[in-house]
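S.K.: Let me see the structure of the following:
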Amino acid sequence: MKRRDFIKTAGVGSVTAGTVLHAPYVIGAKKDKITWRLQTYAGAALAEHVIQPQVEDFNRAANGEMEIELYNADQLVPHGELFRAVQDGTVDAAQSDDDSMAAPVDVSAFAAYFPFATRYGLDVAALWHWYGLKEIWEEAYGEVKNVTWLSTGAWDPCNFATKEPIRSMEDFKGKRLFMFPTVGRFMERFGVVPVSLPFEDVEVALQTGELDGVAWSGITEDYNNGWADVTNYFLTNPVAGAWAGSYFVNTESWNKVPEHLKTLYRLSIDSSHYYRLHWYWWGEAHHRVKGDKLELTSIPEDEWQTVENEAMKFWEEVAQKSERNARVVEILKDYLDTMRKAGPPYRYGA
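M.R.: Modelled structure (predicted):
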C-alpha cells in the first residue's frame, strides 16, 4: 500500500499522520517505562545544584520512557558502600568521586582532590578528554564486574574552613577536619587529623567540637551546606584546584536502556558538568568578596610552597602502587609542565 493511500484509509490528514503513526510507540514506551534509582554524594542543599537540575531535565526530555529517582547522600545506602550498591543493583546509578565511595580500582586515588593536580575546573575536562585519562578510566573500570564508568567532571577547589584561624603551617597541627580519603592522607604529613563522617552530620560535629573544620570544598559549598554558619575562617590557599567527580551506572541496568536514552543521559551529564563550572566559578569569587560569614586568611606563598613540594613526593608514592597509576602521574607531570610553560592565564608564576 502506498503511503498516500494508507493516510486516506486511516482517515487522517497529512498533518496528523505522524501523530497516528507514532502513537502506539509512545503508549508502549510509557507502559514499559524504565525507572532508575540514582544516589549522589551530596546532601539535599548541594544536590539542588550539582545534580537535581540534570535529573529534572532528563526526566522531562525522556517523555515518559524513563524516569530517574534521585536520592541524596546516605539516603539509600551509606556513602562508603555506594560503589557496591551500584555493582549489585541496589541503585542503578551514582554520582560521586571514586575515592570516597571506595571504588576498587587503583586509579581511585586520583579522584576527588589529588593534591595540586589541578588549579582550575577546566583542568579536569582537559585531562580527561585531551590527555588520556578518559581511556585510562575506561580501562580500569573495564576490569570491574557490573559497573560502567561514564564521565568525570569538575567541581570546586579544596580549601579550609575552620573555627580557629590558619595563618601558618604550624596552625594545621592537631586540627580535626572533615576530608576526602586521599587528600586527608596527604595532609596528615602536616599534622592534620582527617575525619570521615556522614555528610548530614558535619554541621552538628562542627557545633559540638568533634570537628575543628572542613577541607571538603571551596567557599561556595561552605555557604551552601551551612558550614559557614558554624566556622569562622576561610584559608584561601587551595590544596587542589578542582574536585574530580564521576558518574557510574550498573552495567546490567545500562544495557537495558535504548541507545537514544543513553545519548540523552550522556548529554544531561554534560549539561551538569557545564552548570557546575559556572556556578562554582561565580561562587568562589562572590562569597570571598561579598560573603559576610567567614574571615579570609592565607599562608605566605613561600611557606605554602613546601606543601606543593611535598605533593610531588606524594605523587611518586602513589605512582609506585601500580603501572597504571604511574601512567597517570606521568600525564599529570606533562600537563603541569605544559600549563606552566603556557603561562597566564593557564598558570601564573614559575
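S.K.: from memory residue 315 sits against residue 329, does it?
M.R.: Yes: in terms of CB atoms under 8 Å, residue 315 counts as a neighbour of residue 329; the distance is 5.1 Å. Placement of C-beta: from N, CA and C, glycine included.
S.K.: Now do the helix or strand harbouring residue 87: which elements does it pack against?
M.R.: Here residue 87 is covered by helix 82-88, with elements defined by DSSP states H and E. Helices and strands touching helix 82-88, by 3 or more CB pairs under 8 Å, 6 or more residues apart in numbering; DSSP states H and E, are strand 93-96, strand 147-154, strand 244-250.
S.K.: 7 Å instead, please
M.R.: strand 93-96 (3 or more CB pairs under 7 Å, 6 or more residues apart in numbering; DSSP states H and E).
S.K.: Given the strand it packs on, what are its sheet partners and their directions?
M.R.: Sheet neighbours of strand 93-96, with direction, are listed as strand 34-40 (parallel), strand 244-250 (antiparallel) (DSSP bridges).
S.K.: got the angle for the next helix or strand after it vs strand 147-154?
M.R.: Next along the chain after strand 93-96, taking DSSP H and E as the criterion, comes helix 121-130. Per axes from the mean of the first three to the mean of the last three CA atoms, to 10 degrees, the angle that helix 121-130 makes with strand 147-154 is 140 degrees.
S.K.: now the end-to-end length of stretch 218-235.
M.R.: 10 Å (CA to CA, to the nearest Å).
S.K.: buried sites along that stretch?
M.R.: 218-225, 227-228, 230-231, 233-235 (16 or more other CB atoms under 10 Å).
S.K.: Out of those, name the ones that lie in helices.
M.R.: Mapping the buried residues of stretch 218-235 onto helices (DSSP state H) picks out 219-224.
S.K.: And these, which is closest to residue 145?
M.R.: Nearest to residue 145 out of those is residue 221 (CB to CB; 33.4 Å).
S.K.: That closest one and residue 121, how far apart?
M.R.: Per CB to CB, to the nearest Å, residue 221 is found 14 Å from residue 121.
S.K.: Count the neighbours of residue 146 for me.
M.R.: When neighbours are defined as other CB atoms under 10 Å, residue 146 has 14 of them.
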